[in-house]
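Enquirer: model the structure of this input:
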Amino acid sequence: INQKTMSQVNNETNNLADPKNAENEPKLNRRQKRQLKSKSFLKALKSWYMNQLQSNPILTKAITSMVIGALGNVICQYMTKKPFNITDFIRFIVVNFSVSPIFHYWYAFLGENVQGSLQRVACDQLVFSPIFTIVFFVLFNVLKGQPGNIIPQIKQDYTAVLIQNYKIWPAAQFVNLNLIPQNLQVLFGNFIGLIWNVYLSSKFNS
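Expert: Numbers count the residues shown, from 1 in each chain. Take a look at the predicted model:
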């Protein structure tokens, strides 16, 4: 280290230690302090969530899906202006928690085995979505204690649900499967699913 560099280091150290410099620093008002605390909290939350995704990916995604799915059900129930149905709420929690691992492995399969942006979306929407829609009908009616209603409801609502699916999910999945990191694809799908769950809640509890 040459003499000039050492001199610069000493000057910087002296400036930091000088109480006059500390006095000259702008003081933060209450609003700025709250904003700073909020940013620090969000940064810490993001770091914690990413660590959880790495150490416990399936459980973390399942809990996230459960929370966001439950929020969609709450919004739907609020919009209907009916008394809150706790049984319906619990059913949606269970369904969203249960199906999340399916998406985890499905997205991993697409990323590893299907090449091309349009090919991944086509595979997801033309193969997975029609099958998963039936799975959802089965799960929900079993949890309602009405397994005998599975076939009649599939005949009545399957086409309508699938059409609504194609109004939302192809564009969303194009972004998800091609632009979002694989470890965050289930989370991205959850946020799009917030709108979707409002529709499903109304459909399955009409």
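
Enquirer: could you find the closest non-adjacent residue to V135?
Expert: Distances taken as C-beta to C-beta, 6 or more residues apart in numbering place V99 nearest to V135, at 7.4 Å, with adjacent residues excluded. All C-beta atoms are positioned from the backbone trio N, CA, C, and that covers glycine.

Enquirer: same question for L110.
Expert: R120 is the one closest to L110 (C-beta to C-beta, 6+ apart), at 4.9 Å.

Enquirer: quick one on the thing from earlier: helix or strand for the residue nearest to V135, which one?
Expert: Using DSSP states H and E, V99 falls within helix 86-113.

Enquirer: would you indicate which residues of the helix or strand following that helix are buried?
Expert: With elements assigned by DSSP H and E, the helix or strand that comes after helix 86-113 is helix 117-123. Of the residues in helix 117-123, R120, V121, C123 count as buried by neighbour count, 16 or more other C-beta atoms under 10 Å.

Enquirer: for helix 117-123, name the packing helices and strands.
Expert: Under the contact criterion of 3 or more C-beta pairs under 8 Å, 6 or more residues apart in numbering; DSSP states H and E, helix 117-123 touches helix 86-113, helix 150-179.

Enquirer: so how far is the longest one off the chain centroid?
Expert: Once both centres are worked out by C-alpha atoms, centre = their mean, to the nearest Å, helix 150-179 turns out to sit 18 Å from its chain's centre.

Enquirer: so which elements touch it?
Expert: Using 3+ C-beta pairs under 8 Å, 6+ apart: helix 150-179 touches helix 86-113, helix 117-123, helix 129-143, helix 185-204.

Enquirer: before we move on, back to that, and the helix holding V99, what's buried?
Expert: For helix 86-113, burial by neighbour count (16+ other C-beta under 10 Å) applies to 88-89, 91-93, 95-97, 99-101, 103-104, 106-107, 110.

Enquirer: got a list of what G189 touches?
Expert: Listed by C-beta atoms under 8 Å, 6 or more residues apart in numbering, the contact set of G189 reads F103, A172, Q173, N176.

Enquirer: re earlier: and the helices and strands packed on helix 117-123: which comes nearest K33?
Expert: Proximity to K33 (C-beta to C-beta) singles out helix 150-179 among the helices and strands packed on helix 117-123, at 35.7 Å.

Enquirer: quick one: mean pLDDT for the closest one?
Expert: Across helix 150-179, the average pLDDT comes to 93.

Enquirer: how near is I154 to V161?
Expert: I154 is 9 Å from V161, where distance means C-beta to C-beta, to the nearest Å.

Enquirer: more neighbours: the two, which one.
Expert: V161 (21 against 16; other C-beta atoms under 10 Å).

Enquirer: now that one: how far from K43?
Expert: 39 Å.

Enquirer: the one helix or strand K46 maps to vs helix 185-204, what angle?
Expert: In this structure, K46 sits in helix 30-55 according to DSSP H and E. Orientation of helix 30-55 against helix 185-204 (axes from the mean of the first three to the mean of the last three C-alpha atoms, to 10 degrees) gives an angle of 100 degrees.

Enquirer: about what we covered before: the residue nearest to L110 contacts N176, correct?
Expert: No. With contact defined as C-beta atoms under 8 Å, R120 does not reach N176; the gap is 9.4 Å.
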